[in-house]
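**Q** no sequence on this one, just coordinates:
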């Protein structure tokens, strides 16, 4: 990953959970022939574009990560040539693509709430960043933008709504705006995360519930995103926004927690390889809808793979939401229709 965005996201959710809370969409594209639900496949900008081709038959769109605002909130980067390669691959497969714009900071290795506040509390900064994002969409041919501002607080609420409104108004006709949401477990918890859900639901085209990283490198071992935890967050969300605008974010990865050592993120195949090399046996935990295994040295693994995804697809269909979003194609099993 070029910016370790995924690694940092785990820390953001853990911090929120410790305080008050138990814990991606794009333009509508080709829906899955089997379920009728579009699937967003996320890519880091440096990932192999062949990953898009491999899952293209099941995808509705692609999200390319991405660019970040500056620490002072006055400006934002432009999608790199590598990100534009993801755009070209998506379009070659007949899929729309958005790029992600967030507040990840390389200097602190974290999503920077202060940077977000610097942006969202200043109309001049909002205008500058909106202008830059709109220019990138128009000049590079993107189908829209996904805003990935994380670790927000209640003080960011009004500014986030104003920013999303300005961005939607600034984009050319037919271009879409999506917003990534951390997984709150109630209306109050979503409000504490800086989301005025009724207002945002009226402004943006899609809301992506990042229903993963319930447990992370920074926590004790456990499911990446248990079914009950995801269901509660989804229920709270759709009680306040149109279900037809919601995508359920699903993990396509896992974590390895060695005893006394630093936990690491693992791909689905990487988790299976660790289990096989150890001669251990993995079990599918029906309650969480994920795989788990304990290796001979005490290392604990949890991961969410294709079988896990199928259960979340059923959840999404039952809730009659827009679709699903998988983070990310370089880590997950190939997405199947």
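**A** Okay, I see it. Just so it is clear, the structure is predicted and the values come from calculations on it, not from any experiment. Numbering: from 1, shown residues only.
**Q** mind telling me what element residue 151 is part of?
**A** Secondary structure assignment for residue 151, by DSSP states H and E: no helix or strand.
**Q** touching, it and residue 112? I think so.
**A** Yes - using CB atoms under 8 Å, residue 151 is in contact with residue 112, at 7.5 Å. Using the backbone N, CA and C atoms, a C-beta is placed for each residue, glycine as well.
**Q** which residues do these two both contact?
**A** residue 103 (CB atoms under 8 Å, 6 or more residues apart in numbering).
**Q** what's residue 207 sitting at in phi/psi?
**A** Here the main-chain torsion angles of residue 207 (degrees, to the nearest 10) amount to phi -120, psi 120.
**Q** which residues does it contact?
**A** 25, 178, 179, 181, 200, 201, 237, 241, 245, 246, 247 are the contacts of residue 207 under CB under 8 Å, 6+ apart.
**Q** nearest to residue 79 among these?
**A** Nearest to residue 79 among the contacts of residue 207, counting by CB to CB, is residue 178 at 15.3 Å.
**Q** so the closest one, which of the three states?
**A** What DSSP: H, G, I helix; E, B strand; the rest coil gives for residue 178 is strand.
**Q** tell me the contacts of residue 180?
**A** Residue 180 is in contact with 24, 100, 102, 146, 147, 148, 149, 150, 208, 210, 249, counting by CB under 8 Å, 6+ apart.
**Q** pLDDT score assigned to it?
**A** Looking at residue 180, its pLDDT reads 98.
**Q** and the gap between it and residue 99?
**A** The gap separating residue 180 from residue 99 is 13 Å, by CB to CB, to the nearest Å.
**Q** what is in contact with these two at once?
**A** Common neighbours of residue 180 and residue 99 (CB under 8 Å, 6+ apart) are residue 146.
**Q** where in the stretch 1-150 of the chain is pLDDT low?
**A** Scanning the stretch 1-150 of the chain for pLDDT under 70 picks out the ranges 1-35.
**Q** the strands in it, which residues?
**A** For the stretch 1-150 of the chain, the strands defined by DSSP state E, counting those that start in this stretch occupy 39-44, 61-68, 97-102, 104-105, 110-111, 144-148.
**Q** partners of the fourth one in the sheet?
**A** If you go by DSSP bridges, strand 104-105 pairs up with strand 110-111 (antiparallel).
**Q** all helices of the stretch 101-250 of the chain, in order?
**A** With DSSP state H, counting those that start in this stretch, the ranges of helices along the stretch 101-250 of the chain come out as 113-120, 123-140, 157-170, 187-192, 197-203, 227-238.
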